[in-house]
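Colleague: from the sequence below, what's the structure:
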Amino acid sequence: PGSTPPTTISKSGAPSGDKTLWITKPLPLSSLYSSLSSLLRPCVAPPSQRLKCLVFCRSRNVVETLYAHLLAEMPRTVKVITYRGGYSADKRSRLEAEFSAADIVVCTNAVQEGIDFSGFRVCVMVSSKW
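Modeller: Numbers count the residues shown, from 1 in each chain. Model prediction:
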């Protein structure tokens, strides 16, 4: 039987906002902190202008290190949480309940398993080889 040639789909019909992509060479964690402060500026804007952000990290250690840094540097009005593998079922449930109220989620790829990402407009990939 004959085959149909493949069709290129180059445009989505789904509604979406503007997208900006920044790519930089990998940075050591010490340099990353100052870069993150700039990247996350829209996530610490006044609440009416604030954008929700996912910060994907390659390892649990990087998640916890960045989380500690962000807690120390971010205004108290910015809600920062983590999500990664290795949590107990109770802790995962608590975090998932807080997910929609969070401004910044520092996570590994474990977060992609059944979590609702609606409302998140900024994505930063740290130490990524994906």
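
Colleague: for this structure, what spans make up the strands?
Modeller: Secondary structure of the chain (DSSP state E): strands at 52-57, 80-83, 104-107, 120-126.

Colleague: list the buried residues in the longest one.
Modeller: Just to be clear, that refers to strand 120-126. The neighbour-count check on strand 120-126 (16 or more other C-beta atoms under 10 Å) flags Phe120, Arg121, Val122, Val124, Val126 as buried. Using the backbone N, CA and C atoms, a C-beta is placed for each residue, glycine as well.

Colleague: ok, for the fourth one, nearest residue in space, not its chain neighbours?
Modeller: The shortest distance from Val124 to any residue that is not its chain neighbour, by C-beta to C-beta, 6 or more residues apart in numbering, is 4.7 Å, and that residue is Val55.

Colleague: tell me the spacing between the spatially most central residue of the chain and Asp90.
Modeller: The structure's the chain has its C-alpha centroid closest to Leu54; by C-alpha atoms, centre = their mean the separation is 1.4 Å. Distance, Leu54 to Asp90, using C-beta to C-beta, to the nearest Å: 23 Å.

Colleague: and if you look at Pro5?
Modeller: Distance of Pro5 to Asp90, given as C-beta to C-beta: 53 Å.

Colleague: higher neighbour count, those two?
Modeller: Applying other C-beta atoms under 10 Å to Pro5 and Asp90 shows that Asp90 carries more neighbours, namely 8 against 4.
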